[in-house]
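K.L.:
Kindly return the folded structure for what I paste below:
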Amino acid sequence: MFIPFAGILGSCAASMAGYLACTACTCVSREVLTQSARVAWSALFFVAMCFAWLMRDFAQPLLEKIPWIAREAMSMGVDMDQWYGQAAVYRVSMGSFMFFITMAGIMVGVKYTSDSRDRYLHHGNWLLKLAVWLVFTALPFLFPNNVVEAYAWVARVGSGFFLIIQMVILLDFVQTWNDSWVSAGEEDTTWLYALLGLTVAAYTGVLTMAGLMFHWFAPPGIEGGCALNVTFVTLGLLLVVSFALVSLHPVSSQGSIFPAAMVGVYTMYLCFSAMESEPKEYACNGLGQQITAASGTTLALGMVATLASVVYAAFRAGSNTHLFTLEGSLDGGSDGAPERESLLESGAGAAGLDGLPPPGEGGMTRSGRRGPSAMDEFTPVSYNYAFFHMIFALASMYMAMLMTGWGAVEQDKERIDVGWASVWVKISAQWLTGLLYVWTLMAPALFPDREFA
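P.N.:
Residues are numbered from 1 along each chain as shown. From the prediction side, this is the model:
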């Protein structure tokens, strides 16, 4: 009799433990979604990218195993080809773009956390937003092919803007990093030695990448000697040298060797990525042939890493709004400035994650939840919500280009961003990054009457 009773108690205890665990997970997830909407939006975008990948590579064999779907589609006159492959990628990308651009339009003008759009649309109601996202994702599958083809051309332009924004943010990041450590080095020289060490490591990385690229993308015994790839690597090294020379020239008052080294690493990475995107049939792409022979798990992990890097790039770009703010714009306007200043001076303007008031501030409602206080009325948001969603809309376009090789060729299964179009886009991005960096160094000397922040 004791054993059945103990079993009942054990079952009850297990049920209670499961309930408590689910309750704890629910509370934690709700708090994360409420306090850090950027993480949740990034996760949603990552799901969209994974869904596009699955529709491209795995939808066709799955649909073929469900014959009644094909019969129903044929009876309704639906072209099954638009449900998988590159066509599906464009449609998923289009749905994601429409969703985020709609959110960007809704969030125009949100300056303070007291705005209802902040609480109910940007930070709250995630189940409702997930349902709306699913509707937007499914809607393009009903569009005619000419509409999707037109979107593909527009996506090429939007992807270019996305890449340019990434370059600007990179240049600002390395310059800010350098200025911060140099300023700290005035009191403690350890920071200067750290900068020197990172600079040496960066140039060591450049030389290492160059050696690997000559080994993988210019193998001996190839007819013609892989002159194109040799030219890519050589010009990349010349770019790195030119960055160092220009940054150390007396004309460049804002120049420093550390940003030059970091930009050099990035440009060489773009060169490496460009040659990695060469078709596997190209004899000079030795690395591509090795990747083709890799295991499915390795390829899948590479795909996930690529998708995650795009999500992180979009996350950083969407959060970094000060570079793209003009005086009088949403973030640069003066509306509410006196109120904000008085609140900040009193210490009431501190914000938690995503600009929400830190725990413990604000009034308490009868239900025990923290309600908005009068001071929250002029608490500014920590980033521009409209710009954040616009960046994810552009990233949705870039997602399509990444998975279709910029619309040039059908991509290999479990590989993305392959084709000569991708190669030349990355080489162009490499040189555009170099030109932007040199411009930031030379512009103050060329236009002394203008102020360059």
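K.L.:
what's stretch 401-410 in contact with?
P.N.:
Contact partners of stretch 401-410, identified using C-beta atoms under 8 Å, 6 or more residues apart in numbering, comprise 52-53, 56, 85-86, 89-90, 152, 155-156, 159, 277, 279, 306, 310, 411, 416-422, 425. C-beta: built from backbone N, CA, C; applies to glycine.
K.L.:
Take these and keep only those in helices.
P.N.:
If you go by DSSP state H, those have 52-53, 56, 85-86, 89-90, 152, 155-156, 159, 306, 310, 420-422, 425 in helices.
K.L.:
Just the buried ones from the residues you listed?
P.N.:
Buried by 16 or more other C-beta atoms under 10 Å: 52-53, 56, 85-86, 89-90, 152, 155-156, 159, 306, 310, 420-422, 425, out of the ones in helices among the contacts of stretch 401-410.
K.L.:
And Tyr107, its phi and psi?
P.N.:
One thing to correct before we go on: residue 107 is Met, not Tyr. Backbone torsions of Met107, given as degrees, to the nearest 10, read phi -90, psi 0.
K.L.:
What segments of the chain are strands?
P.N.:
All residues of the chain lie outside strands when identified by DSSP state E.
K.L.:
what residue ranges in it score low on pLDDT?
P.N.:
For the chain, the stretches with pLDDT under 70 are 1-35, 60-84, 288-307, 309, 317-377, 408-417, 451-453.
K.L.:
Could you rerun that using 50?
P.N.:
1-32, 34, 293-295, 326-353, 355, 357-370 (pLDDT under 50).
K.L.:
thinking His258 is in contact with Leu195, fair?
P.N.:
His isn't right for residue 258; it's Phe. Yes - because the distance of 5.1 Å satisfies C-beta atoms under 8 Å, Phe258 is recorded as touching Leu195.
K.L.:
Need the residues touching each of these two.
P.N.:
In contact with both Phe258 and Leu195: Asn178, Trp181, using C-beta under 8 Å, 6+ apart.
K.L.:
how close does the nearest residue to Ala261 once chain neighbours are set aside sit to Phe243?
P.N.:
Leaving aside its sequence neighbours, Ala261 sits nearest to Ala202 (C-beta to C-beta, 6 or more residues apart in numbering; 3.7 Å). According to C-beta to C-beta, to the nearest Å, Ala202 and Phe243 sit 11 Å apart.
K.L.:
Check the contact lists of the two and give me the overlap.
P.N.:
Shared contacts of Ala202 and Phe243, defined by C-beta under 8 Å, 6+ apart, are found at Ala261, Gly264.
K.L.:
Tell me how many other residues surround the nearest residue to Gly95 once chain neighbours are set aside.
P.N.:
Here the nearest residue to Gly95 in space, its sequence neighbours aside, is Thr137; by C-beta to C-beta, 6+ apart that works out to 3.9 Å. Residues within reach of Thr137, counting by other C-beta atoms under 10 Å, total 22.
K.L.:
my read: Thr137 touches Phe97, true?
P.N.:
No - using C-beta under 8 Å as the test, Thr137 is too far from Phe97 to be in contact (10.5 Å).
K.L.:
mind listing what Phe392 touches?
P.N.:
Trp41, Phe45, Ser96, Phe100, Ala314, Gly318.
K.L.:
Could you find which two of the residues you listed are furthest from each other?
P.N.:
Greatest spatial distance among the contacts of Phe392 (C-beta to C-beta): Ser96 and Gly318, at 14.0 Å.
K.L.:
Compute the first-to-last residue distance for stretch 116-136.
P.N.:
Length of stretch 116-136, first residue to last, C-alpha to C-alpha, to the nearest Å: 23 Å.
K.L.:
Pull out the buried residues from it.
P.N.:
So, applying 16+ other C-beta under 10 Å, buried residues of stretch 116-136: Asp118, Leu121, His122, His123, Gly124, Trp126, Lys129, Trp133, Phe136.
K.L.:
Could you pick out which of those are located in helices?
P.N.:
Judged by DSSP H, helices contain the following of those: Trp126, Lys129, Trp133, Phe136.
K.L.:
Kindly reformat those as TSV and extend each row with distance to Ser114.
P.N.:
Below are these laid out as TSV (distance: C-beta to C-beta, whole Å):
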residue	distance to Ser114
Trp126	21
Lys129	21
Trp133	26
Phe136	28
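K.L.:
Nearest to Tyr269 among those?
P.N.:
Trp133 (32.4 Å).
K.L.:
How many residues are close by the residue nearest to the closest one when sequence neighbours are not counted?
P.N.:
Closest residue to Trp133 apart from its sequence neighbours, by C-beta to C-beta, 6+ apart: Phe99 at 5.2 Å. Counted with other C-beta under 10 Å, residues neighbouring Phe99 total 25.
K.L.:
And Gly95, by the same measure?
P.N.:
Quick note: Gly95 (other C-beta under 10 Å) scores 24 neighbours.
K.L.:
Cross-check the contact I'm expecting between it and Pro140.
P.N.:
Yes - contact between Gly95 and Pro140 holds when scored by C-beta under 8 Å: they sit 4.9 Å apart.
K.L.:
Pull the contacting residues for the nearest residue to Phe214 once chain neighbours are set aside.
P.N.:
Leaving aside its chain neighbours, Phe214 sits nearest to Val233 (6.1 Å; criterion: C-beta to C-beta, 6+ apart). Neighbour list for Val233: Ala210, Met213, Phe214, Phe217, Ala218, Cys271 [criterion: C-beta under 8 Å, 6+ apart].
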